[in-house]
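Chemist: sequence unknown, structure follows:
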């Protein structure tokens, strides 16, 4: 129980670095190549959610985004965000699991 505050501080620091990096990189990309593609805040938030929370929370978040119900393009964009959140969340799980297992095995060999 005495490790709880340290875990909370570490989690807060990790999320702070994630948010700063995500929004900083997004603003930097928009500044460098503004005509190539347009980053919407919704896209950035869904991608961030997929990276931190995984596919389930990111898809639920994307599904709750407010869009113009009468505009078919908004509906298509929302469906695309849901699919992207699910796909990239699963890809993140797959990559992180492989990296985590490899890193653990390497560190255990190094430690012994």
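Modeler: Structure's in. What do you need? Predicted model only: the values in this text are computed from it and were never measured. Residues are numbered from 1 along each chain as shown.

Chemist: for this protein, what spans make up the helices?
Modeler: Along the chain, counting by DSSP state H, helices occupy 4-32, 41-53, 55-63, 72-111.

Chemist: tell me which strands and helices the last one is in contact with?
Modeler: When you say that, I think you mean helix 72-111. Applying 3 or more CB pairs under 8 Å, 6 or more residues apart in numbering; DSSP states H and E, we find helix 72-111 packed against helix 41-53, helix 55-63. All C-beta spots, glycine's among them, are computed from the backbone N, C-alpha and C.

Chemist: which among those is found nearest to residue 107?
Modeler: Closest to residue 107 of the helices and strands packed on helix 72-111 is helix 41-53 (CB to CB; 23.2 Å).

Chemist: ok, so what distance separates residue 69 from residue 84?
Modeler: Residue 69 is 21 Å from residue 84, where distance means CB to CB, to the nearest Å.

Chemist: who has more neighbours, these two?
Modeler: Between residue 69 and residue 84, counting by other CB atoms under 10 Å, residue 84 is the more crowded of the two (17 against 8).
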